[in-house]
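Student: Any chance you can model this:
(4 chains)
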2 protein chains.
Amino acid sequence: MSERGDTATRILDIAQELAQTRGYNAFSYADISEHVGIRTASIHYYFPSKSDLGRALIRRYQRTADQALAQIDRTTEDPREKLRRYSEIFSGMMLHGERMCLGGILAADILTLPTEIRDEVRAFFGLNERWLSGVLDEGREAGLLQFTGSPEVEARLLVASLEGALLVARSYGDVERYRELADKLLADREAPMT
Amino acid sequence: MSERGDTATRILDIAQELAQTRGYNAFSYADISEHVGIRTASIHYYFPSKSDLGRALIRRYQRTADQALAQIDRTTEDPREKLRRYSEIFSGMMLHGERMCLGGILAADILTLPTEIRDEVRAFFGLNERWLSGVLDEGREAGLLQFTGSPEVEARLLVASLEGALLVARSYGDVERYRELADKLLADREAPMT
DNA sequence: GTCTATAGCCCGATAGAC
DNA sequence: GTCTATCGGGCTATAGAC
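Tutor: Next up, the predicted model:
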């Protein structure tokens, strides 16, 4: 039972774990209530409806991702290393309670989500693709990465492939299955040494 | 409202559509009842529990996939064409009512599924990977396809990438987004003309 | 086989006391 | 802010008539 932080944050932390493991339609205010230690009515005080909670969840997740990518940019120059660090964000989710990426699991639930949340899911993918596109472009210019076609499409392909690798690997409960695919995905894009 | 076929088949058809669009936890016997035109109690006559229904669903889906892959083998020699036909099975799902692959969407729900169904989801991925692995191996031997590493791992990567591409593209409701990625995935594996 | 009726539980959400 | 109490509805599932 996490006790740190204010109540709204603890609610979001537990709700995020539940959403990442079970999906949007398979967790309830009662589930959150048990983990946080307050009654369901009190959760409604912070998040009046479940769609309010869902929207807050994906928005906070976007901000966290944004900061993680900025942190990679701040501490690494090599585009190949940036891709490795990016891939490790995904493997970290499986290690942290068999989680999926929140964007990926909400994408599976997309047709059951309130429209505001759908828009945020797409915005999350857009955020990832823009950052990856920049890394890929820079890496190819520097002769460190190689790929066919535009950086934009290659970025979309990488996001989709990593989401898919995480989805399938998690269904086996096997993080090595993810790593094997992610490592190959990255290795195939590294320019040969000269 | 589909009226063809026996009742069990009509139930499975509707349940499959609902599962592929909404996921396992977001459809009910009441939803099926409305579409099939019989009461929920009558559905329990054919499928006593929801896990019985879910298991029947994924097993039938596996058989259908098996037949579709055998049909590709029967009508096509060229491994490149086999991959194209395989990719079109996925795009066909989005065109047929914004569906996901049943295996992919159940993978997202995996931690909420009865264990028998979990095993079938993994078996479905295994089936796809074995077939693709054979096509890739044959294609490389014939000098028509190219890729690094083993056909087995490359097959896993293709399944995961196509599932991911479908997952993300469907969240935009845009089949072109899927095709762009699938076509690139396949083009990158075609051996250059000599 | 299909129906009506209902049990028993979980769900999101609200009213109002403290 | 957090609680108790509760509403109205949905869910899976079963009993028993036809």
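Student: So which residues on chain A come close to DNA strand C?
Tutor: Proximity of chain A to DNA strand C (CB under 7 Å from any atom of the strand) is limited to residues A:27-31, A:40-41, A:44, A:48-51. Where you see a C-beta, it was placed from the backbone N, CA and C, and this is true even at glycine.
Student: With secondary structure and pLDDT added, can I get the residues you listed in CSV?
Tutor: Converted to CSV, these look like this (DSSP: H, G, I helix; E, B strand; the rest coil; pLDDT from 0 to 100):
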residue, secondary structure, pLDDT
A:Phe27, coil, 98
A:Ser28, coil, 98
A:Tyr29, helix, 98
A:Ala30, helix, 98
A:Asp31, helix, 98
A:Thr40, helix, 98
A:Ala41, helix, 98
A:His44, helix, 98
A:Pro48, coil, 98
A:Ser49, coil, 98
A:Lys50, helix, 98
A:Ser51, helix, 98
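Student: now the residues you listed in JSON lines, with distance to B:Thr64?
Tutor: Below are those laid out as JSON lines (distance: CB to CB, whole Å):
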{"residue": "A:Phe27", "distance to B:Thr64": "32"}
{"residue": "A:Ser28", "distance to B:Thr64": "34"}
{"residue": "A:Tyr29", "distance to B:Thr64": "39"}
{"residue": "A:Ala30", "distance to B:Thr64": "38"}
{"residue": "A:Asp31", "distance to B:Thr64": "35"}
{"residue": "A:Thr40", "distance to B:Thr64": "42"}
{"residue": "A:Ala41", "distance to B:Thr64": "47"}
{"residue": "A:His44", "distance to B:Thr64": "44"}
{"residue": "A:Pro48", "distance to B:Thr64": "44"}
{"residue": "A:Ser49", "distance to B:Thr64": "39"}
{"residue": "A:Lys50", "distance to B:Thr64": "35"}
{"residue": "A:Ser51", "distance to B:Thr64": "36"}
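Student: so A:Phe90 touches A:Cys101, yeah?
Tutor: Yes - here A:Phe90 lies in contact with A:Cys101, judged by CB atoms under 8 Å, at a distance of 6.4 Å.
Student: Which neighbours do the two have in common?
Tutor: A:Leu166 (CB atoms under 8 Å, 6 or more residues apart in numbering or on different chains).
Student: Those two: who's more crowded?
Tutor: The residue with more neighbours, out of A:Phe90 and A:Cys101, is A:Cys101; 24 against 21, by other CB atoms under 10 Å in any protein chain shown.
Student: This completes my enquiry, with thanks.
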